[in-house]
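starting from these lines, generate the structure:
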Amino acid sequence: MARQPWDAQIRNARTPAEQTAVLRALKNDIIGHPLRKELAVASGVLPPVIHVASNPPGIRNDGKAHDHSFAAKPLNEDEVVRLQGLQIIASMALGGPSFLPPLYAASVLPAILSNLCPTRNPAQVVLASLRALSNLADSSLQCYHYATKPTNIAKEFFTRPHTATLCQILSQSSSTPTIQCQISIASALIGKLCWEESHRQILATSGVLDALAAKLAGHVVAEGLVIPGADILAHLDGLGDHFPKVTPSNISLAVIMEAISTIITNSKFRASQLLYSPAILAIFPVSQSTDFITSRHALATWNAFNIAGLSQRQSQLNAVDFLLPHVPYQQFKATTAQAAAFPPLGTSSTREHLGSSGRSVSSKYNTSTSWGNLGGIEGGVLTTEGSAPDSKDLESPLISYLILILRSKLGMERLMAASVLTVLYRAGLTNKTRERFIGLLVVPLLVNMLDDSLSSLNGKGNLADEEAQNTDWSIKERAPAVLSTLITDSEFLQKAAFDAGAIAKLAKILKVAYDPVTSMPGVHAWSPHSEDLKLGIEPFIMGHRGPPPLLVHKVKIRESTLKAIAALVPFKEEYRTAIVDQGIIPYIVESLNPTPTKPSPKASENDDRSANTFSEVEAKDGYGTNTVDVLVAACGAIRALSRSVSVLRTTLIDSGVAMPVFRLLKSPCMDVKIAATATVCNLVTDVSPMRDTIKDEGVLKILCSHAHSTDAKLRLNALWALKHFVHSVSNEVKRQCLDELGQGWLVQLICDDTEDEALLSSRVIGGGRSNSGHHDDIDEDVEMDQFDDNPASVLGTSARSNSRPSSSRSKSFQQVEVRLRELREAEMDLARKARNDDIAVQEQGLDFIRNLIGGAGQGGTKETTEMIDFLFITLGQDRVFDILASKLKPKAINPFNRRISSVEKPPLLPPQSEIITAVGYILVHMAASIPRHRQLVIAQTELLKLLVPHFNNSNIEVRLALCWLVTNLTWLDDADDGQPCAQRVVALKNLGFFTKLEMLEEDPELNVRERAKSALSQMKKAC
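Take a look at the predicted model:
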């Protein structure tokens, strides 16, 4: 008698015991047999299996979340059925990407998630559901196309109810293998699934980050690396109850650190939450209190040590630092004696404000947050001398512990320690001397992790060999990306990586990543009934098998390697030359193509590949498909390399970089368009031989279209590129550019606060659907929806009342609350972010006008005069000066906010230095024209009055622009201009310009002093 189909057997089972028997038989039949799995899916077995695996709400909810007697109870019959069903689902999910469509069609996610809560399910069932979810994530990640990232899993998993469940799982303290395995898999899921910023925020504020920090602290306790006296300080600060227990060794430290790094990335607020977590503070106190010194003689010795000045070198060190190799201390010398003698006003050696400096290679289009700038050896003097640091600026000993782990561990533990350290360093949470430690102790180790050649999957190894290979692949995929983030914008760390041989190693692995994958692992057995696989129920037909694992691995290698190259070469011509000498420019250019082929040193004249990023047809010849992340990384690498005029004019043009980048401008993916537009900024400069090529292809029309985009980043990059495009071109092309962009749109970009108003409008509309008054909350302190006024929410805790020490008992935690609240408000303020976007766009719009009226080609006065008159005719003379004056006035922040009473005045935002500089140089160009235009400028009394206070501006560029303006306004063209010139000088003196210039003769910046002296000399001659 023929056996009934599996789905019929499951449906016909009348009792839980019968269901268990059928499910166990099915599980034993399909495990290790891919073809049997496919036949079972095609026959429709998934819906009944998923149905019996689901846990209906309200079953066995006894609330014993942390009472492990629940875990010790034997499973009842229903729980055994669910366990068998979940194990079948896990086996199916392990089959690869082809099983994902039928699994999702059968609503597998709700069934798995219903079994996650440890208060409603036995430990074995929770573990089985975690394994099923992990296998689903792994199969999703094998599909390396952008559209198939496991975002659907993440959207379901990272919601409030499930993150609370995740926190409960991670907070368990049982030492049983089942519980510890739950913690490891749950931690690994965070690293696999957490892609979105909103998910990171939810994990940080739901207590998950604190739970992970406790496990990390438990590893520190197990290794005996707790700061001496920390237990005493913990009790004094009310942290005694939070002193962590030893974390069992079967919970991987690498997995815990990977989850932490994933959550805190791109956020100083979340990184600070880690450092201020109760468990971390208990073992690594930040304060330098001497209360733990109980001996009178020891305290006297400590005081004498400080009074004698012997602790100056150790003032920034902690106990863990003394376990690290000694790093010689020295002050970095500035590049020139001039820079050392006259440091610029307002400079800072922190890494928190790079975004405004414009030096970042990827700040214009990177989705990650711009952390800031560390000048390195060439940025000025680095010193630690001076008064004791403020308590909030003290470095956590966790930094030293991570460096120690880097030096003492291997493999993923070393890499994940580097990843967490990188996030904390980029967030500016390390002291100023730590960069030298990182450059000498960390960067060489990261570079060494790039050494081994790529291995291939032969399909003959056992499970241990396959696991070792997966680990090896993970290291090679992630190490270049970690190195990239660490060295970005730091010339000292870039030099450390270069000296360690990073360029040669990156070149080697990028070349290997383009070796075609000829073998196709995972070949399925032939069956005479193969057609039966297509006879299943329509929703449960198998999906695409996905690319070979080795090909997926190589595509990920391309992405991370390109990121490392882009981070390494932006500042030094020597490094860019080394990249060219390694012969990898063709590989970088080929990475700009969604469907790559064999890289060629010469450009193909008949290359007509589409810019479509989401091609349904798999690439031939084993080169795979370059994902969106690869395309974006390749754009970043080309942009960094094109900063070199010699590379731009030789290697890049020979490799045919222009057309691949141009095609990406029309990509359907917004991230790719943003990155390509940023790259075009360097390809349309007057020194680029590719400008005419892409101009003939219609780049002007595309850039002007992008400048009308609703996306602020794309709008910014398009204006930036147009600013470069109109520099040193004919007046005819300039007029064409302005017509294509639209005079009205240019004025709107400069005058209107587009992002700020869009944010206000969206919040008002959204507030109208909720309780009255919510739309009144839009000001400089916008509150995110996921936060409330509860301090526990700010600190990122769970709902448990004992998750944080009481503020009334802990003075240190009162300081922590204040510090975290400040960081949260600074980071989560959407209105402030919108204003920053507006300022960046307005600056580029003003610079566009500056280059528009500049000299064409030869820079002659005739061309400048013609374009100034054209600007006055097109926009209106009075309107132009009114626009410039409006940018120099303080702006009321949300003046219509109802929370501000009629008596109160709305807060004012002073004009930003970037805007002042841009306005100043527009006037400088007008004053460099004919006397008639100089007379027009000097007649703008109110405009000039607004400029006078900015002679005291801390920004050197503002002061230089004003000096140049005076120089041009007092320039004497000929004898006929003598009297008008004298009148202009008198007008400037009456406005106070002369007095301000005399003050600048004592400016600490040499260039400013020289320009001020030249301007004063001209004013005195004209009198």
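
count the neighbours of residue 720 for me.
Residue 720 has 25 neighbouring residues, counting by other C-beta atoms under 10 Å. Placement of C-beta: from N, CA and C, glycine included.

ok, then the element right after the helix or strand in which it is found?
Per DSSP states H and E: residue 720 is located in helix 712-725. Scanning forward in sequence from helix 712-725 by DSSP H and E, the next helix or strand is helix 731-741.

just the CA trace of that following helix, in PDB.
Output in PDB follows, covering the C-alpha atoms of helix 731-741 (Å, rounded to 0.1, in the frame of the first residue of the first chain):
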ATOM      1  CA  ASN A 731      29.600  81.900 -20.500                       C
ATOM      2  CA  GLU A 732      27.300  80.200 -22.900                       C
ATOM      3  CA  VAL A 733      27.600  76.900 -21.000                       C
ATOM      4  CA  LYS A 734      27.100  78.800 -17.700                       C
ATOM      5  CA  ARG A 735      23.900  80.300 -19.000                       C
ATOM      6  CA  GLN A 736      22.700  76.900 -20.200                       C
ATOM      7  CA  CYS A 737      23.400  75.400 -16.800                       C
ATOM      8  CA  LEU A 738      21.400  78.100 -15.000                       C
ATOM      9  CA  ASP A 739      18.500  77.700 -17.400                       C
ATOM     10  CA  GLU A 740      18.500  74.000 -16.900                       C
ATOM     11  CA  LEU A 741      18.700  74.200 -13.200                       C
END
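
which parts of the next helix-or-strand element following it are buried?
Per DSSP H and E, helix 731-741 leads on to helix 743-751 as the next helix or strand towards the C-terminus. Buried positions in helix 743-751, judged by neighbour count with 16 or more other C-beta atoms under 10 Å: 746-747, 749-750.

for residue 966, give me its contacts.
Residue 966 makes contact with 988, 993, 997, 1015, 1018-1019 under the criterion C-beta atoms under 8 Å, 6 or more residues apart in numbering.

can we see that at 7 Å?
Counting by C-beta atoms under 7 Å, 6 or more residues apart in numbering, residue 966 touches 988, 993, 997, 1015.

tell me the one of these nearest residue 564?
Of all the contacts of residue 966, residue 1015 has the smallest distance to residue 564: 46.2 Å, by C-beta to C-beta.

so how far is the host helix or strand of residue 865 off the chain centroid?
With secondary structure defined by DSSP H and E, residue 865 is part of helix 861-875. Offset of helix 861-875 from its chain centre (C-alpha atoms, centre = their mean, to the nearest Å): 42 Å.

residue contacts, residue 20?
So residue 20 contacts 80-81, 84 (C-beta under 7 Å, 6+ apart).

would it count as being in a strand?
No. Counting by DSSP: H, G, I helix; E, B strand; the rest coil, residue 20 is not found in a strand; it is helix.

and the gap between residue 251 and residue 227?
Distance of residue 251 to residue 227, computed by C-beta to C-beta, to the nearest Å: 22 Å.

swap in residue 192?
From residue 192 over to residue 227 (counting by C-beta to C-beta), the distance is 33 Å.

which parts of the stretch 351-500 of the chain are helices?
398-408, 411-426, 434-437, 443-448, 463-487, 491-499 (DSSP state H, counting those that start in this stretch).

average pLDDT for the last one?
What it means is helix 491-499. The predicted model assigns helix 491-499 a mean pLDDT of 94.

cool, the third one as well?
Here helix 434-437 scores 89 as its mean pLDDT.

on that earlier part again, what residues does the helix holding residue 720 touch?
The contact list for helix 712-725 (C-beta under 7 Å, 6+ apart) reads 364-365, 670, 673-674, 677-678, 680-681, 684-685, 700, 703, 706-707, 709, 737, 741, 755, 837, 840-841, 844-845, 847-848, 851.

same list (the contacts of residue 966) but as TSV, adding pLDDT.
What follows is those, written out as TSV (pLDDT from 0 to 100):
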residue	pLDDT
988	93
993	93
997	93
1015	92
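
among the helices of the stretch 351-500 of the chain, which is the most enclosed?
Sort the helices of the stretch 351-500 of the chain by mean neighbour count, taking mean count of other C-beta atoms under 10 Å, and helix 411-426 sits at the top with a mean of 25.

counting contacts, what elements does the helix holding residue 865 pack onto?
helix 731-741, helix 743-751, helix 830-852 (3 or more C-beta pairs under 7 Å, 6 or more residues apart in numbering; DSSP states H and E).

closest to residue 168 out of the helices of the stretch 351-500 of the chain?
For residue 168, the closest of the helices of the stretch 351-500 of the chain is helix 411-426, at 23.8 Å, according to C-beta to C-beta.

point out the other helices and strands that that closest one packs with.
Secondary elements touching helix 411-426 (3+ C-beta pairs under 7 Å, 6+ apart): helix 253-264, helix 398-408, helix 463-487.

so what touches that helix?
Residues from elsewhere that reach helix 411-426 (C-beta under 7 Å, 6+ apart): 253-254, 257-258, 260-261, 264-265, 271, 351, 371, 399, 402-403, 405-406, 409, 430, 434, 438, 442, 445-446, 449, 471, 474-475, 478-479, 482, 485-486.

contacts for whichever strand or helix holds residue 588, please.
Using DSSP H and E, residue 588 maps to helix 585-590. Here helix 585-590 makes contact (C-beta under 7 Å, 6+ apart) with 510-511, 514, 562, 596, 599-601, 634, 637-638, 651-652, 655-657, 660.

after that helix, which helix or strand is next?
With DSSP H and E, the next secondary element past helix 585-590 is helix 628-641.

for whichever helix or strand comes after that next one, buried residues please.
Under the assignment DSSP H and E, the closest C-terminal helix or strand after helix 628-641 is helix 645-649. Residues 647-648 are the ones in helix 645-649 that count as buried (16+ other C-beta under 10 Å).

could you do stretch 236-250 as well?
236-239, 242-244, 247-248.

with stretch 563-578 instead?
For stretch 563-578, burial by neighbour count (16+ other C-beta under 10 Å) applies to 563-572, 575-578.

all set now, cheers.
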